[in-house]
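Enquirer: Pasting the sequence and the predicted coordinates here, then a few questions.
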Amino acid sequence: MNKKCREIQSLLSAYLENDLAKEELEDISSHLNGCSECLGKKEKMEEMIFKLSDLQEEVPFFLKNRLLNIPDMIEKKKAVASPYFPKWFAAAVGTIILFLNLFYFTNIFPPMNREVHSVVSSIENFFVKTGGWFDKVKESKELLFFTFFNKKSVESKDAKVSQNITNEKDFVKGGRNG
Amino acid sequence: METTDILAKCKNGDPVAWNQMINAYSKAVYNIALNFFAERDIAQDVTQEIFIKIYHNLDKFREDKNFSSWVFTLSRNYCIDYWRKNKKYFLHTQELDEKLSVGNPSPEENLINESEIEKLRENISQLEPELRLILILRDIQDLSYQEIAKNFSIPEGTVKSRINRARLKLAQAFIREGS
């Protein structure tokens, strides 16, 4: 393709739309008469511009329905949306946990390793203490229930037990006597 | 009802106004997406996403601006972003299409207008995104050079030269294929 062809082809759209000066139009027409390559492109372009207008399509009805429902869909989503939890916060928490694990299980930074271990042991101590405290509460709770609800039944149980003991004693006595 | 009224009502959640908005702009947006991607499923999803974006950003729209150019700009940006995000997929499917369509189409195929349209869409989808959009707006949506220049914030002369480049590339593609 020579320089003239390149120049003509850069003006083909304007030529087809009659958007050029008279001299330019005549110049291009005379070139097209003698150049099959440019003429072929011009004809193809003309044919295509005509066909391109057929590419408009109607919106499918189901898509239109989807579009019409957008406000409802968004409002429903808003109603069930979970509370805002910023991503940077999650990333920061994740990074801290990762580093704590790294310091706890490896000894790449000994002071931090010691620090983390002492924190973990103090947490363990705390749980041991609170665990003991919980046990105490549990026991006292049982005592409380015992005093209010199970008093009678336990009393009767105790009475039965003492009765049994006396019976056994009598049996033993009787046995000795008899 | 005027566009400003429709917009004001849409912002207040009026379903009738939203309906009017969909009727006025859905065809244009759908056709941009369809001819940009040349795939119906993607075009439908993209159209829906564009309208969701429009709904979310209604408050940000300044009323001294032209609403239709705002919609076109939003559609253009979304299409280009979507294309960039899924570039690998689109380039891969283009390669596959080229491998599958070996040789010239059969005479029966030439008779079917539908396949011609699909071929045209396929060739459009192989243009660079900016050229593609300008061609769609000019030759399919029938927008004037001035309107396109305004929508894209570029000089009218640039629009004309890009249209010419897009048409030439398309013509060359068809000549190469011999159709």
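Expert: Sure thing, it's come through.
Enquirer: now the residue nearest the centre of chain B: how far from chain A?
Expert: The centroid of chain B falls nearest to residue B:32 when counting by C-alpha atoms, centre = their mean (2.0 Å). Noted for residue B:32: a distance of 11 Å to chain A, by C-beta to the nearest C-beta, to the nearest Å. (Each C-beta comes from the backbone N, C-alpha and C, glycine too.)
Enquirer: That residue against residue B:133, yeah?
Expert: Yes. In terms of C-beta atoms under 8 Å, residue B:32 counts as a neighbour of residue B:133; the distance is 7.2 Å.
Enquirer: Need the residues touching each of these two.
Expert: Jointly contacting residue B:32 and residue B:133 under the rule C-beta atoms under 8 Å, 6 or more residues apart in numbering or on different chains are B:76, B:79.
Enquirer: Residue ranges in the chain under the pLDDT threshold?
Expert: Picked chain A for this. For chain A, the stretches flagged by pLDDT under 70 are A:1, A:81-84, A:141-160, A:168-178.
Enquirer: You answered for a different chain; I wanted chain B.
Expert: B:1, B:93-113, B:179.
Enquirer: those helices in it, which residues are they?
Expert: If DSSP state H is used as the criterion, the helices of chain B fall at B:3-11, B:15-37, B:40-57, B:67-85, B:87-100, B:107-111, B:113-125, B:129-135, B:145-152, B:156-177.
Enquirer: same deal with chain A?
Expert: Using DSSP H, the helices of chain A run over residues A:3-9, A:12-16, A:22-34, A:36-52, A:61-68, A:70-79, A:87-105, A:110-148, A:151-177.
Enquirer: out of those, deepest packed?
Expert: Highest mean neighbour count of the helices of chain A: helix A:12-16, a mean of 19 (counted as mean count of other C-beta atoms under 10 Å in any protein chain shown).
Enquirer: got the contact list for that one?
Expert: For helix A:12-16, contacts defined as C-beta under 8 Å, 6+ apart pick out A:19-20, A:24-25, A:28, A:38, A:41-42, A:45-46, A:49, B:160, B:163-164, B:167-168.
Enquirer: swap the cut-off to 10 Å and go again
Expert: Helix A:12-16 is contacted by residues A:8-9, A:19-20, A:24-25, A:27-29, A:32, A:38, A:41-42, A:44-46, A:49, B:138, B:160-168, B:171 when judged by C-beta atoms under 10 Å, 6 or more residues apart in numbering or on different chains.
Enquirer: Quick check: chain neighbours aside, which residue is closest to residue B:161?
Expert: residue A:10 (7.2 Å; C-beta to C-beta, 6 or more residues apart in numbering or on different chains).
Enquirer: what's the closest non-adjacent residue to residue A:40?
Expert: residue B:175 (6.3 Å).
Enquirer: doesn't residue B:164 make contact with residue A:42?
Expert: No. The criterion here is C-beta atoms under 10 Å, and residue A:42 misses it with residue B:164 at 11.6 Å.
Enquirer: Overlap in contacts, these two.
Expert: Contact criterion C-beta under 10 Å, 6+ apart; residues shared by residue A:42 and residue B:164: A:9, A:12, A:13, A:15, A:16.
Enquirer: got the phi/psi numbers for residue A:18?
Expert: Residue A:18 adopts backbone torsions of phi 60, psi 40, taken as degrees, to the nearest 10.
Enquirer: The residue nearest to it when sequence neighbours are not counted and chain B: what is the separation?
Expert: In space, residue A:18 comes closest to residue A:25 once its chain neighbours are excluded; the distance is 7.4 Å by C-beta to C-beta, 6+ apart. Remark: distance between residue A:25 and chain B (C-beta to the nearest C-beta) = 15 Å.
Enquirer: close enough to count as contact, residue A:25 and residue A:11?
Expert: Yes. With contacts counted by C-beta under 10 Å, residue A:25 reaches residue A:11, the gap being 9.4 Å.
Enquirer: intersection of neighbour lists for the two?
Expert: residue A:19.
Enquirer: so what's the nearest residue to residue B:4 once chain neighbours are set aside up against?
Expert: Residue nearest to residue B:4 in three dimensions, not counting chain neighbours: residue B:63, with 5.9 Å by C-beta to C-beta, 6+ apart. Listed by C-beta under 10 Å, 6+ apart, the contact partners of residue B:63 are B:3, B:4, B:7, B:8.
Enquirer: which of these are buried?
Expert: residue B:7 (16 or more other C-beta atoms under 10 Å in any protein chain shown).
Enquirer: Looking at the contacts of residue B:63, spot the one nearest residue A:106.
Expert: residue B:7 (60.1 Å; C-beta to C-beta).
Enquirer: which one of the contacts of residue B:63 sits closest to chain A?
Expert: Using C-beta to the nearest C-beta, residue B:7 comes nearest to chain A of those, at 13.7 Å.
Enquirer: Can you tell me which of the shared contacts of residue A:42 and residue B:164 is closest to residue A:163?
Expert: Checking the shared contacts of residue A:42 and residue B:164 one by one against residue A:163 (C-beta to C-beta), the nearest turns out to be residue A:13, at 116.1 Å.
Enquirer: contacting residues for the closest residue to that closest one other than its chain neighbours?
Expert: In space, and not counting its chain neighbours, residue A:13 is closest to residue B:164: 3.9 Å by C-beta to C-beta, 6+ apart. Applying C-beta under 10 Å, 6+ apart, we find residue B:164 in contact with A:9, A:10, A:11, A:12, A:13, A:14, A:15, A:16, A:17, A:45.
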